[in-house]
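Engineer: Any chance you could fold what I've pasted below:
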Amino acid sequence: MIIFVVKSPLVKINYFFVLVFLAVCSSGTAQDSLLVVTAERGDGVYSLLRKQGMDPARYYDIFLEMNQVNLRDGQELYAGRKYRIPYIPESVTEAETEERLGNGTEYPIFGSKWAYVSPVSEKLKGAVYYLISGHGGPDPGAIEEYNGKTIAEDEYAYDVTLRLARELLSHGANVYIIVRDADDGIRDERTLEIDNDEVVYPNEQIPLNQLERLRQRVDAVNKLYYQNMGSYQRLIVTHVDSRSRGQNIDVFFYHHEKSKNGKRLAESIHDTFYNKYRQYQPNRDYEGTFSDRSSLYLVKNTLPAMAYIEIGNLRNKRDQQRILDPDNRQALAKWISEGAILDYSKR
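Structural biologist: Just a heads-up that it's a prediction; the model follows:
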(Lines give C-alpha, C1' and ligand atoms only; values in the text may rest on other atoms or scores of the structure.)
Protein backbone atom coordinates (compact mmCIF):
# COMPACT_ATOMS: atom_id res chain seq x y z
CA MET A 1 0.00 0.00 0.00
CA ILE A 2 1.34 3.43 -0.96
CA ILE A 3 0.67 6.27 1.43
CA PHE A 4 -0.59 9.51 -0.07
CA VAL A 5 -1.70 11.25 3.09
CA VAL A 6 -1.35 9.62 6.47
CA LYS A 7 -2.89 10.96 9.61
CA SER A 8 -2.78 9.65 13.14
CA PRO A 9 -5.85 9.62 15.42
CA LEU A 10 -6.27 12.61 17.72
CA VAL A 11 -5.77 11.94 21.40
CA LYS A 12 -4.90 13.74 24.58
CA ILE A 13 -1.33 13.42 25.78
CA ASN A 14 -0.87 10.88 28.52
CA TYR A 15 1.50 11.68 31.34
CA PHE A 16 0.45 8.79 33.57
CA PHE A 17 3.49 6.56 33.08
CA VAL A 18 5.91 9.45 33.40
CA LEU A 19 4.30 10.61 36.62
CA VAL A 20 4.34 7.09 38.04
CA PHE A 21 7.96 6.73 37.03
CA LEU A 22 8.92 9.98 38.76
CA ALA A 23 7.00 9.01 41.87
CA VAL A 24 8.71 5.64 42.01
CA CYS A 25 12.16 7.10 41.45
CA SER A 26 11.65 9.53 44.33
CA SER A 27 11.64 6.55 46.68
CA GLY A 28 14.87 4.74 47.45
CA THR A 29 13.11 1.44 48.15
CA ALA A 30 11.23 1.68 44.87
CA GLN A 31 14.46 2.26 42.97
CA ASP A 32 15.84 -0.94 44.39
CA SER A 33 12.92 -2.83 42.85
CA LEU A 34 13.43 -1.47 39.33
CA LEU A 35 14.15 -4.01 36.62
CA VAL A 36 17.85 -4.14 35.71
CA VAL A 37 19.02 -5.85 32.51
CA THR A 38 22.41 -6.46 30.96
CA ALA A 39 23.04 -5.10 27.45
CA GLU A 40 24.23 -7.70 24.98
CA ARG A 41 26.56 -7.10 22.06
CA GLY A 42 24.64 -5.31 19.32
CA ASP A 43 21.94 -3.96 21.64
CA GLY A 44 20.79 -0.37 21.35
CA VAL A 45 18.31 1.48 23.53
CA TYR A 46 15.38 0.70 21.24
CA SER A 47 16.17 -3.00 20.90
CA LEU A 48 16.75 -3.31 24.64
CA LEU A 49 13.36 -1.75 25.43
CA ARG A 50 11.61 -3.87 22.82
CA LYS A 51 13.03 -7.01 24.46
CA GLN A 52 11.20 -5.94 27.62
CA GLY A 53 7.92 -5.64 25.73
CA MET A 54 7.96 -1.84 25.90
CA ASP A 55 7.21 0.80 23.27
CA PRO A 56 10.71 2.27 22.73
CA ALA A 57 9.43 5.55 21.29
CA ARG A 58 7.46 6.20 24.46
CA TYR A 59 10.17 5.29 26.96
CA TYR A 60 13.34 6.32 25.12
CA ASP A 61 13.83 9.68 26.86
CA ILE A 62 13.01 8.25 30.30
CA PHE A 63 15.55 5.48 29.77
CA LEU A 64 18.26 7.99 28.84
CA GLU A 65 17.50 10.07 31.93
CA MET A 66 17.71 7.01 34.18
CA ASN A 67 20.98 5.73 32.74
CA GLN A 68 22.79 8.91 31.69
CA VAL A 69 26.04 8.16 33.51
CA ASN A 70 26.27 4.71 31.96
CA LEU A 71 25.93 5.62 28.28
CA ARG A 72 28.55 6.34 25.63
CA ASP A 73 27.97 9.77 24.04
CA GLY A 74 24.80 10.07 26.06
CA GLN A 75 22.77 7.50 24.10
CA GLU A 76 24.79 4.36 23.26
CA LEU A 77 24.91 1.21 25.38
CA TYR A 78 28.02 -0.60 26.56
CA ALA A 79 27.81 -4.36 26.04
CA GLY A 80 27.96 -6.21 29.35
CA ARG A 81 26.82 -3.28 31.49
CA LYS A 82 23.61 -3.23 33.50
CA TYR A 83 20.83 -0.75 32.76
CA ARG A 84 17.70 0.23 34.65
CA ILE A 85 14.38 -0.15 32.84
CA PRO A 86 11.51 2.34 33.35
CA TYR A 87 8.88 1.14 35.80
CA ILE A 88 5.45 0.07 34.51
CA PRO A 89 2.93 -0.57 37.33
CA GLU A 90 1.38 -4.03 37.19
CA SER A 91 -2.03 -2.57 37.94
CA VAL A 92 -2.07 -0.81 34.57
CA THR A 93 -3.24 -3.30 31.96
CA GLU A 94 -2.73 -3.06 28.23
CA ALA A 95 -6.47 -2.53 27.73
CA GLU A 96 -6.49 0.37 30.19
CA THR A 97 -3.55 1.94 28.40
CA GLU A 98 -5.33 1.69 25.04
CA GLU A 99 -8.46 3.24 26.55
CA ARG A 100 -6.52 6.28 27.73
CA LEU A 101 -4.46 6.75 24.58
CA GLY A 102 -6.94 5.75 21.91
CA ASN A 103 -6.33 3.17 19.20
CA GLY A 104 -3.29 3.44 16.98
CA THR A 105 -3.15 2.91 13.24
CA GLU A 106 -1.12 0.58 11.03
CA TYR A 107 0.88 1.98 8.11
CA PRO A 108 2.39 -0.84 6.00
CA ILE A 109 4.99 1.47 4.45
CA PHE A 110 6.89 1.37 7.75
CA GLY A 111 7.29 -2.44 7.59
CA SER A 112 5.70 -5.09 9.79
CA LYS A 113 7.72 -4.36 12.94
CA TRP A 114 7.07 -0.61 12.88
CA ALA A 115 3.70 -0.47 11.10
CA TYR A 116 1.62 0.16 14.22
CA VAL A 117 1.78 3.81 15.29
CA SER A 118 0.51 4.65 18.75
CA PRO A 119 -0.91 8.16 19.17
CA VAL A 120 1.12 10.25 21.59
CA SER A 121 -0.31 13.78 21.42
CA GLU A 122 -2.17 16.38 19.35
CA LYS A 123 0.81 18.72 19.26
CA LEU A 124 0.91 18.71 15.44
CA LYS A 125 -2.84 18.69 14.81
CA GLY A 126 -3.50 20.57 11.58
CA ALA A 127 0.14 20.53 10.42
CA VAL A 128 1.06 19.19 6.98
CA TYR A 129 4.56 17.85 6.30
CA TYR A 130 6.21 16.85 3.03
CA LEU A 131 9.23 14.60 3.53
CA ILE A 132 11.87 14.05 0.86
CA SER A 133 14.82 11.71 1.33
CA GLY A 134 17.84 12.39 -0.85
CA HIS A 135 18.54 10.50 -4.08
CA GLY A 136 16.77 7.17 -4.73
CA GLY A 137 15.78 5.15 -7.79
CA PRO A 138 18.66 5.09 -10.29
CA ASP A 139 20.70 7.44 -8.06
CA PRO A 140 22.05 5.86 -4.84
CA GLY A 141 23.93 9.02 -3.87
CA ALA A 142 27.25 8.56 -2.13
CA ILE A 143 28.44 4.96 -1.80
CA GLU A 144 31.05 3.56 0.54
CA GLU A 145 32.43 0.23 1.73
CA TYR A 146 31.66 -1.00 5.24
CA ASN A 147 32.79 -4.42 6.50
CA GLY A 148 33.15 -5.66 2.94
CA LYS A 149 29.69 -4.48 1.82
CA THR A 150 28.63 -1.46 -0.20
CA ILE A 151 26.40 1.05 1.58
CA ALA A 152 24.51 3.88 -0.13
CA GLU A 153 23.40 7.32 1.00
CA ASP A 154 19.82 7.04 -0.23
CA GLU A 155 19.01 3.98 1.90
CA TYR A 156 20.02 5.70 5.16
CA ALA A 157 18.35 9.00 4.28
CA TYR A 158 15.16 7.07 3.50
CA ASP A 159 15.29 5.11 6.77
CA VAL A 160 15.62 8.32 8.82
CA THR A 161 12.79 9.87 6.79
CA LEU A 162 10.45 6.96 7.50
CA ARG A 163 11.26 7.16 11.19
CA LEU A 164 10.60 10.90 11.11
CA ALA A 165 7.26 10.36 9.37
CA ARG A 166 6.26 7.91 12.09
CA GLU A 167 7.19 10.38 14.84
CA LEU A 168 5.22 13.20 13.19
CA LEU A 169 2.18 10.95 12.75
CA SER A 170 2.22 10.01 16.42
CA HIS A 171 1.70 13.70 17.24
CA GLY A 172 -1.30 14.12 14.92
CA ALA A 173 0.33 15.52 11.77
CA ASN A 174 -0.63 14.88 8.15
CA VAL A 175 2.38 13.47 6.32
CA TYR A 176 3.20 13.08 2.63
CA ILE A 177 6.16 10.80 1.93
CA ILE A 178 7.40 12.08 -1.42
CA VAL A 179 10.15 9.53 -2.14
CA ARG A 180 9.14 6.05 -0.98
CA ASP A 181 9.84 2.39 -1.35
CA ALA A 182 6.90 0.03 -0.92
CA ASP A 183 8.92 -2.89 0.44
CA ASP A 184 11.83 -1.47 2.45
CA GLY A 185 10.10 -0.25 5.59
CA ILE A 186 12.03 0.90 8.64
CA ARG A 187 15.06 -1.33 9.02
CA ASP A 188 17.00 -2.07 12.18
CA GLU A 189 20.15 -3.39 10.51
CA ARG A 190 23.44 -1.53 10.33
CA THR A 191 24.04 -2.50 6.71
CA LEU A 192 21.01 -1.62 4.59
CA GLU A 193 20.63 -3.51 1.34
CA ILE A 194 20.70 -1.36 -1.77
CA ASP A 195 17.86 -1.37 -4.31
CA ASN A 196 16.58 1.07 -6.93
CA ASP A 197 12.79 0.64 -6.83
CA GLU A 198 11.96 3.92 -5.08
CA VAL A 199 9.24 6.06 -6.68
CA VAL A 200 8.05 9.66 -6.30
CA TYR A 201 4.54 10.71 -5.30
CA PRO A 202 2.03 9.68 -6.43
CA ASN A 203 3.72 6.67 -8.05
CA GLU A 204 6.13 8.03 -10.63
CA GLN A 205 9.28 6.28 -11.79
CA ILE A 206 12.36 8.31 -10.94
CA PRO A 207 14.15 9.52 -14.13
CA LEU A 208 17.83 9.07 -14.87
CA ASN A 209 18.56 12.74 -15.47
CA GLN A 210 19.49 14.59 -12.28
CA LEU A 211 17.67 17.83 -13.10
CA GLU A 212 14.56 15.90 -14.10
CA ARG A 213 14.69 14.04 -10.79
CA LEU A 214 14.76 17.32 -8.87
CA ARG A 215 11.98 18.85 -10.99
CA GLN A 216 9.84 15.79 -10.38
CA ARG A 217 10.11 16.25 -6.61
CA VAL A 218 9.52 19.98 -6.77
CA ASP A 219 6.41 19.46 -8.91
CA ALA A 220 5.03 16.84 -6.53
CA VAL A 221 5.46 19.07 -3.49
CA ASN A 222 4.19 22.25 -5.14
CA LYS A 223 1.01 20.59 -6.45
CA LEU A 224 0.26 19.31 -2.96
CA TYR A 225 1.03 22.74 -1.51
CA TYR A 226 -1.77 24.30 -3.60
CA GLN A 227 -4.15 21.52 -2.57
CA ASN A 228 -3.47 22.27 1.10
CA MET A 229 -3.58 26.07 0.89
CA GLY A 230 -4.57 27.60 4.21
CA SER A 231 -2.85 24.91 6.29
CA TYR A 232 0.45 25.11 8.12
CA GLN A 233 2.77 23.37 5.63
CA ARG A 234 6.45 22.47 5.95
CA LEU A 235 8.95 20.53 3.85
CA ILE A 236 11.80 18.57 5.42
CA VAL A 237 14.53 17.20 3.14
CA THR A 238 16.96 14.63 4.56
CA HIS A 239 20.37 13.96 3.05
CA VAL A 240 23.57 12.18 4.03
CA ASP A 241 26.61 14.23 3.08
CA SER A 242 29.62 12.83 1.19
CA ARG A 243 32.63 14.98 1.98
CA SER A 244 36.22 13.81 2.27
CA ARG A 245 36.72 10.75 4.46
CA GLY A 246 38.65 12.76 7.04
CA GLN A 247 35.88 15.28 7.67
CA ASN A 248 33.59 14.56 10.61
CA ILE A 249 30.48 16.78 10.71
CA ASP A 250 27.57 17.39 13.05
CA VAL A 251 24.00 17.53 11.75
CA PHE A 252 23.42 20.87 10.02
CA PHE A 253 20.54 22.64 8.33
CA TYR A 254 19.78 24.88 5.33
CA HIS A 255 16.82 27.15 4.57
CA HIS A 256 15.85 29.72 1.95
CA GLU A 257 17.38 33.11 2.63
CA LYS A 258 14.07 34.94 2.11
CA SER A 259 11.88 32.53 4.05
CA LYS A 260 11.28 33.63 7.65
CA ASN A 261 9.29 30.48 8.32
CA GLY A 262 11.96 28.27 6.80
CA LYS A 263 14.60 29.95 8.92
CA ARG A 264 12.48 29.46 12.04
CA LEU A 265 11.99 25.76 11.23
CA ALA A 266 15.70 25.19 10.64
CA GLU A 267 16.58 27.16 13.76
CA SER A 268 14.05 25.26 15.87
CA ILE A 269 15.48 21.89 14.83
CA HIS A 270 19.03 23.19 15.27
CA ASP A 271 18.23 24.46 18.78
CA THR A 272 16.72 21.10 19.66
CA PHE A 273 19.91 19.30 18.60
CA TYR A 274 22.05 21.82 20.48
CA ASN A 275 20.06 21.26 23.69
CA LYS A 276 20.07 17.48 23.29
CA TYR A 277 23.85 17.48 22.94
CA ARG A 278 24.16 19.63 26.07
CA GLN A 279 21.90 17.21 27.92
CA TYR A 280 23.27 13.88 26.74
CA GLN A 281 26.84 14.74 25.69
CA PRO A 282 27.86 17.59 28.03
CA ASN A 283 31.56 17.09 27.33
CA ARG A 284 31.15 17.46 23.57
CA ASP A 285 30.42 20.72 21.77
CA TYR A 286 27.75 20.67 19.09
CA GLU A 287 29.09 22.30 15.93
CA GLY A 288 26.11 21.90 13.62
CA THR A 289 24.85 25.09 11.98
CA PHE A 290 21.76 26.44 10.25
CA SER A 291 22.18 28.82 7.33
CA ASP A 292 20.61 29.94 4.06
CA ARG A 293 21.43 27.92 0.96
CA SER A 294 19.09 29.27 -1.68
CA SER A 295 21.28 27.99 -4.52
CA LEU A 296 20.15 24.40 -3.95
CA TYR A 297 17.45 23.48 -6.48
CA LEU A 298 14.98 22.09 -3.93
CA VAL A 299 15.51 25.02 -1.58
CA LYS A 300 15.06 27.55 -4.40
CA ASN A 301 12.01 26.08 -6.14
CA THR A 302 9.72 24.44 -3.57
CA LEU A 303 6.85 26.52 -2.16
CA PRO A 304 6.48 25.37 1.48
CA ALA A 305 8.83 26.74 4.11
CA MET A 306 11.52 24.12 4.43
CA ALA A 307 14.54 22.77 6.25
CA TYR A 308 17.22 20.85 4.33
CA ILE A 309 19.12 18.55 6.69
CA GLU A 310 22.51 16.86 6.31
CA ILE A 311 22.74 14.13 8.96
CA GLY A 312 26.42 13.23 8.61
CA ASN A 313 29.25 12.30 6.25
CA LEU A 314 28.85 8.75 4.94
CA ARG A 315 32.55 8.57 4.06
CA ASN A 316 33.79 9.49 7.53
CA LYS A 317 34.30 6.51 9.86
CA ARG A 318 33.07 8.35 12.94
CA ASP A 319 29.97 9.65 11.19
CA GLN A 320 29.32 6.15 9.85
CA GLN A 321 28.86 4.93 13.41
CA ARG A 322 26.15 7.55 13.92
CA ILE A 323 24.41 6.80 10.64
CA LEU A 324 24.66 3.00 10.61
CA ASP A 325 23.43 2.48 14.18
CA PRO A 326 19.61 2.09 13.95
CA ASP A 327 19.14 3.56 17.42
CA ASN A 328 21.03 6.66 16.33
CA ARG A 329 18.86 6.93 13.23
CA GLN A 330 15.82 6.74 15.48
CA ALA A 331 17.25 9.42 17.78
CA LEU A 332 17.92 11.67 14.77
CA ALA A 333 14.32 11.29 13.65
CA LYS A 334 12.96 11.91 17.13
CA TRP A 335 15.04 15.06 17.63
CA ILE A 336 14.04 16.42 14.22
CA SER A 337 10.39 15.81 15.12
CA GLU A 338 10.85 17.61 18.44
CA GLY A 339 12.31 20.56 16.55
CA ALA A 340 9.29 20.47 14.24
CA ILE A 341 6.97 20.50 17.26
CA LEU A 342 8.88 23.47 18.68
CA ASP A 343 8.49 25.34 15.39
CA TYR A 344 4.76 24.55 15.20
CA SER A 345 4.26 25.87 18.72
CA LYS A 346 5.69 29.25 17.56
CA ARG A 347 3.34 29.69 14.59
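
Engineer: how about the strands in the stretch 201-347 of the chain?
Structural biologist: When assigned using DSSP state E, counting those that start in this stretch, the strands of the stretch 201-347 of the chain occupy the ranges 204-205, 232-241, 252-255, 290-292, 305-313.

Engineer: Minimum distance to E122: which of these has it?
Structural biologist: Among those, strand 232-241 comes nearest to E122, with 13.7 Å by C-beta to C-beta. The C-beta positions use only the backbone N, C-alpha and C, and glycine is treated the same way.

Engineer: The closest one pairs with which strands, and in what direction?
Structural biologist: strand 127-133 (parallel), strand 305-313 (parallel) (DSSP bridges).

Engineer: In space, what's closest to E106 - neighbours in sequence excluded?
Structural biologist: Once flanking residues are discounted, E106 sits nearest to A115: 4.6 Å by C-beta to C-beta, 6 or more residues apart in numbering.

Engineer: and if you look at A305?
Structural biologist: Nearest residue to A305 in three dimensions, chain neighbours excluded: N261, at 3.5 Å (C-beta to C-beta, 6+ apart).

Engineer: ditto for S112
Structural biologist: Of all residues not flanking S112 in the chain, G185 sits nearest, at 7.1 Å (C-beta to C-beta, 6+ apart).

Engineer: all helices in the stretch 201-347 of the chain, in order from the N-terminus.
Structural biologist: 210-227, 260-280, 297-301, 317-324, 326-345 (DSSP state H, counting those that start in this stretch).

Engineer: now I62, what's its secondary structure?
Structural biologist: Following DSSP: H, G, I helix; E, B strand; the rest coil, I62 is assigned to helix.

Engineer: from memory it sits against I85, does it?
Structural biologist: No - with contact defined as C-beta atoms under 8 Å, I62 does not reach I85; the gap is 9.5 Å.

Engineer: hang on, the earlier thing: any idea which of the helices of the stretch 201-347 of the chain is most buried?
Structural biologist: Per-stretch averages of neighbours, counted by mean count of other C-beta atoms under 10 Å, single out helix 326-345 among the helices of the stretch 201-347 of the chain, with a mean of 22.

Engineer: helices or strands next to that helix in the packing?
Structural biologist: The contact analysis (3 or more C-beta pairs under 8 Å, 6 or more residues apart in numbering; DSSP states H and E) places helix 326-345 against helix 45-51, helix 56-66, strand 127-133, helix 153-170, strand 232-241, helix 260-280, helix 317-324.

Engineer: switch the cut-off to 10 Å
Structural biologist: Other helices and strands packing on helix 326-345, by 3 or more C-beta pairs under 10 Å, 6 or more residues apart in numbering; DSSP states H and E, are helix 45-51, helix 56-66, strand 127-133, helix 153-170, strand 232-241, helix 260-280, strand 305-313, helix 317-324.

Engineer: Low-confidence stretches in the stretch 151-300 of the chain?
Structural biologist: 243-249 (pLDDT under 70).

Engineer: quick one on the thing from earlier: tabulate the strands paired with strand 232-241 in CSV, adding columns for distance to E155 and mean pLDDT.
Structural biologist: Formatted as CSV, the strands paired with strand 232-241 follow (distance: least, C-beta to C-beta, whole Å; pLDDT from 0 to 100):
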stretch, distance to E155, mean pLDDT
strand 127-133, 9, 98
strand 305-313, 13, 93
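
Engineer: of those strands, which approaches L71 most closely?
Structural biologist: Nearest of the strands paired with strand 232-241 to L71, taken as C-beta to C-beta: strand 305-313 at 19.4 Å.

Engineer: so what's N283 up against?
Structural biologist: Going by C-beta atoms under 10 Å, 6 or more residues apart in numbering, N283 touches 73-74.

Engineer: still on that earlier bit, now the common contact residues for I62 and I85.
Structural biologist: Contact with both I62 and I85 is made by residues 49, 54, according to C-beta under 10 Å, 6+ apart.

Engineer: wait, isn't D188 in contact with N328?
Structural biologist: No - counting by C-beta atoms under 10 Å, D188 stays clear of N328, with 11.6 Å between them.

Engineer: Rebuild the strands of the stretch 201-347 of the chain as CSV, extending it with distance to A173 and mean neighbour count.
Structural biologist: Listed next are the strands of the stretch 201-347 of the chain as CSV, based on distance: least, C-beta to C-beta, whole Å; neighbours: other C-beta atoms under 10 Å:
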stretch, distance to A173, mean neighbour count
strand 204-205, 24, 12
strand 232-241, 9, 24
strand 252-255, 19, 24
strand 290-292, 21, 17
strand 305-313, 15, 25
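
Engineer: so how far is L211 from R217?
Structural biologist: In this view, R217 and L211 are 11 Å apart by C-beta to C-beta, to the nearest Å.
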